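predicted coordinates and the sequence they were generated for:
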Amino acid sequence: MRRLGLIIGLCAVLALAGSVYCLAAAKPAGKVVVTVTGAITETNSDKGLELDMAMLEGIGTKLYDGKDPWLGKKKYTGVVIADILKFAGAAGDVAEVIVIAKDGKKVTLKAEDVAKYPIMLATQDGGKPIGAGVGGPVKLVFPYTTHPELEKVYPKEDWNWFVVAIEVKVK
C-alpha cells in the first residue's frame, strides 16, 4: 500500500513539473513583452515564444538587492535568463544569447555566463512594475553586487532597457 502511494505521489509530482513546460506552448493572454527566438523548441507563434508579463514572471522570479550603475541601490525582481532558456527549450549547445531592446540595441551574452550567473530580465523594482522612464517594463540586469567580476565583462552600458526580445544562437 505504501508503494502504491509513493508511485501515485511520484506520478503527481512529475505531472506537475511537466505542466510548467506545457505552459510554454500557451498563447499569451496579455500584451507580449518578450519574444524568444532562435534555437528553441517551445514556440507559440510564427515569431517564436511570445511571453506576456504573467507568462514571463510565471517561469519563476528571483530578487536582486544591489547596485544599479545608473539608478543606485535597487531591489529588482525578475526572471533569470537561464530559466527563460530552459523554459523555451533552448538547444544544449547555446553559444550566445542576444538581448534586444525596443530601440534595436543588442547586448550579447556568452552562454557560459548565462549559465553561471543570475543575469536577469527584471520586471519589478521594489515590488512595483518598472516604468518605461527607468527601463521597463522589462530590463536587463547584471548582479554586480553579488558578482562584481561581471562589471568588467558587461559594463554599465550593457544594462539594456525596454527589452523586447531574446535571440538564442548555437555554436
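Everything's here; your move. Model, not experiment: these values are computed from the prediction.

what pLDDT does Ala91 get?
In this model, Ala91 is scored at 85, pLDDT.

quick one: contacts for it?
Ala91 is in contact with 39-41, 168, 170, counting by C-beta atoms under 8 Å, 6 or more residues apart in numbering. Quick note: C-beta positions are derived from backbone N, CA and C, even for glycine.

which secondary structure element contains Glu42?
Counting by DSSP states H and E, there is no helix or strand that carries Glu42.

could you do Lys152 as well?
helix 150-153.

picking up where we left off before, in ChimeraX, how would I select the buried members of the contacts of Ala91?
Per 16 or more other C-beta atoms under 10 Å, the buried members of those correspond to this ChimeraX selection:
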select :39,40,168
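
what's the most distant pair in the contacts of Ala91?
Using C-beta to C-beta, the contacts of Ala91 span at most 12.0 Å, a distance reached by Thr41 and Val170.

distance check, Lys169 against Asp83.
Look at Lys169 and Asp83: by C-beta to C-beta, to the nearest Å, they are 18 Å apart.

wait, I meant Ile130
18 Å.

so which of these two has more stuff around it?
Ile130 (23 against 16; other C-beta atoms under 10 Å).

correct me, but that one touches Pro137?
Yes. Using C-beta atoms under 8 Å, Ile130 makes contact with Pro137 at a distance of 5.8 Å.

so, low pLDDT: which residues of this structure?
1-25 (pLDDT under 70).

that one: strands as residue ranges?
Here the chain has its strands, by DSSP state E, at 32-38, 49-52, 62-68, 72-80, 94-101, 106-110, 120-125, 128-129, 139-141, 163-170.

need the residues that contact the last one.
Translated: strand 163-170. For strand 163-170, contacts defined as C-beta under 8 Å, 6+ apart pick out 33-40, 81, 84-85, 88, 90-91, 93-102, 121, 138-140.

repeat for the third one
Counting by C-beta under 8 Å, 6+ apart, the neighbours of strand 62-68 from elsewhere in the structure are 73-80, 118, 120, 122, 141, 143-146, 159.

of those, keep whichever come out buried.
74, 76-80, 118, 120, 122, 141, 143-144, 159.

now the strands of the chain in CSV, with distance to Glu151?
Formatted as CSV, these follow (distance: least, C-beta to C-beta, whole Å):
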stretch, distance to Glu151
strand 32-38, 24
strand 49-52, 28
strand 62-68, 9
strand 72-80, 15
strand 94-101, 17
strand 106-110, 14
strand 120-125, 16
strand 128-129, 26
strand 139-141, 12
strand 163-170, 19
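
on that earlier part again, which neighbours do Ile130 and Pro137 share?
Both Ile130 and Pro137 are contacted by Thr123, under the criterion C-beta under 8 Å, 6+ apart.
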